[in-house]
Every structure is written in structure tokens, then in C-alpha cells.
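K.L.:
Could you work out the structure for the sequence below:
(one chain, ligands or ions: 1)
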Amino acid sequence: MPLEELLQELEALGVQHDATENEKSKKLLNITRDTGEFLAVLVKSAKAEQILEIGTSNGYSTLWLASAIPESGKVVTVEKLSDKAEMAAENFVRAELQDRIVQVQADAEDFIRDSQQIFDFIFLDADRTAYLSYIDVLLSKLSSGGVLVCDNAISHRHELEDFMAYLSNKDTLTSCLLPVGKGEFVVHKA
Ligand SMILES: C[S@@+](CC[C@H](N)C(=O)[O-])C[C@H]1O[C@@H](n2cnc3c(N)ncnc32)[C@H](O)[C@@H]1O
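P.N.:
Numbers count the residues shown, from 1 in each chain. Down below sits the predicted model:
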């Protein structure tokens with residue numbers, strides 16, 4: 001199925017589904033289209049090939065990331081809930097991007113601590129209150145010259161204040177907060 005058609009279908013589904021679903025863990029909570037476009041531009045500009053995404057949901061943002069890397073690249077995407085991981089798997093096949101995506105069903109922090117891989121691009125879109133507890137390990141898995149993007153940096157700024165302040169004060173990092181989508185905090189590692 002053409003990617004653009006699937007993205008539009010998922011955008012409509014996400015809005016409709018989240019408006020009628022009361023249980024927060026079942027909401028899809030997809031990034032906005034402009035965030036997807038922004039991620040694709042960043043990934044291509046950075047020539048990133050090894051991407052880590054924390055928070056798959058039904059795979060909407062993963063599709064943007066996977067479509068921005070060359071065939072030799074991979075997106076590793078982590079989701080703790082099996083129902084969402086299954087929905088995502090179907091969408092990856094529909095987009096014919098499944099060969100560029102590795103799905104991990106696990107708790108983000110467990111995966112990050114156990115992983116031996118180095119990534120050149122990391123997208124954080126999961127349990128915001130846990131980010132500070134694993135950010136040092138996560139940064140050790142970001143390559144020199146790599147980029148980390150964190151979603152919801154304006155919509156949930158109060159939850160991410162300490163996290164952003166911590167990163168902003170590190171000498172090896174350059175960061176900025178952009179009014180794209182729900183607010184994107186972008187970090188470059190020297
Ligand atoms: C905001 S949604 C991700 C939306 C997705 N990035 C997109 O735009 O399509 C957050 C997802 O992170 C998952 N999640 C939350 N805490 C997690 C954790 N500790 N480990 C792994 N996944 C987690 C949730 O189940 C949810 O599906």
C-alpha cells in the first residue's frame with residue numbers, strides 16, 4: 001500500500017480512536033504530521049541509519065522514521081504493550097517497510113540497559129517521568145554526532161522540565177526546544 005495513503009488512514013484513525021477511548025493506555029497518542037515530517041528531515045540531514053524509537057504505539061511515527069532511512073538502515077522500536085505492538089506489525093507490513101524495522105516488546109528502561117547497540121538517532125515518545133532515570137545510559141548509546149528528539153516537550157513541559165534542564169547543562173550536548181507538533185526537544189551529541 002502506498003505510504004502516504006496509509007499515513008493518512010492512520011491519522012484519521014488516531015484522532016477518531018483517541019476521541020472515543022477513555023482508557024489512557026489504549027489511546028494511540030500518535031505524533032502530529034508536522035512532527036513526522038520534521039523527524040524525516042532530521043534523519044535524512046543527519047544521514048542516520050541506526051535509529052532507536054522508544055514508544056511504538058501502532059507504529060505511526062515508526063513509519064516516518066523507517067521511510068527516511070536507506071535500505072541498509074534499521075529502526076529498532078520499543079513498546080511494552082502487546083496489543084499495540086501487534087497493530088504496529090500489521091502497519092509495517094502494509095507499508096512494506098517491515099524489513100527496515102525491528103520490534104522489541106519490552107519495558108524501555110530494561111531494553112536500554114541491556115542493549116549493546118549504538119544508535120545515531122533516538123526518538124523518545126513514551127513514559128516521560130522515567131526519562132531522567134535512564135538518560136545517562138541512553139546517551140552512552142547515542143553515537144558521537146548523533147541526535148536525540150523528545151516529543152511532548154511543550155504539551156507536557158512541566159513533566160520534562162528537569163529532564164530538559166539536565167540535558168541543557170551538559171557540555172557535550174547542544175539542544176533546542178522547537179514549536180513543532182506537541183513541542184520537540186532536539187539534542188545533538190558532540
Ligand atoms: C505516545 S505513545 C507513542 C506514539 C508513537 N510514537 C506514535 O507517534 O505513533 C507512547 C507509547 O509508549 C508506550 N510505553 C509507555 N511506557 C513504556 C515503557 N516504559 N516501555 C515501553 N513502552 C512504553 C505506551 O504503551 C504507548 O504505546
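K.L.:
And the next helix or strand past the longest strand anywhere in the chain?
P.N.:
Secondary structure of the chain per DSSP state E: the longest strand is strand 142-150. Next helix or strand after strand 142-150 toward the C-terminus (DSSP states H and E): helix 157-168.
K.L.:
Same question for that following helix: list its buried residues.
P.N.:
Going by neighbour count (16 or more other C-beta atoms under 10 Å), the buried part of helix 157-168 is 160, 163-164, 167. C-beta: built from backbone N, CA, C; applies to glycine.
K.L.:
just those residues that are near the ligand?
P.N.:
With C-beta under 6 Å from any ligand atom as the criterion, those include none near the ligand.
K.L.:
can you tell me which of those residues lies nearest to the ligand?
P.N.:
Of all these, the ligand sits closest to Leu160, with 13.2 Å by C-beta to the nearest ligand atom.
K.L.:
Now do the same for that closest one: its pLDDT.
P.N.:
As predicted, Leu160 sits at a pLDDT of 98.
K.L.:
Using CSV, lay out the buried residues of helix 157-168 together with distance to Ala126.
P.N.:
Listed next are the buried residues of helix 157-168 as CSV, based on distance: C-beta to C-beta, whole Å:
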residue, distance to Ala126
Leu160, 12
Phe163, 13
Met164, 16
Leu167, 17
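K.L.:
by how many degrees do the longest strand of the chain and helix 157-168 diverge?
P.N.:
160 degrees (axes from the mean of the first three to the mean of the last three C-alpha atoms, to 10 degrees).
K.L.:
so how far is strand 142-150 from its chain's centroid?
P.N.:
In terms of C-alpha atoms, centre = their mean, to the nearest Å, the centre of strand 142-150 is set 12 Å apart from its chain centre.
K.L.:
Repeat that for stretch 127-146.
P.N.:
That offset, for stretch 127-146, works out to 13 Å (C-alpha atoms, centre = their mean).
K.L.:
Next: stretch 157-164.
P.N.:
Centre to centre, stretch against its chain (C-alpha atoms, centre = their mean), the figure for stretch 157-164 is 17 Å.
K.L.:
could you dump it to PDB, C-alpha only?
P.N.:
Output of stretch 157-164 as PDB, limited to C-alpha atoms (Å, rounded to 0.1, in the frame of the first residue of the first chain):
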ATOM      1  CA  ARG A 157       6.600  20.800  29.600                       C
ATOM      2  CA  HIS A 158       6.100  20.600  33.400                       C
ATOM      3  CA  GLU A 159       6.900  16.800  33.300                       C
ATOM      4  CA  LEU A 160      10.000  17.300  31.200                       C
ATOM      5  CA  GLU A 161      11.400  20.500  32.900                       C
ATOM      6  CA  ASP A 162      14.100  18.600  35.000                       C
ATOM      7  CA  PHE A 163      15.000  16.300  32.100                       C
ATOM      8  CA  MET A 164      15.500  19.300  29.600                       C
END
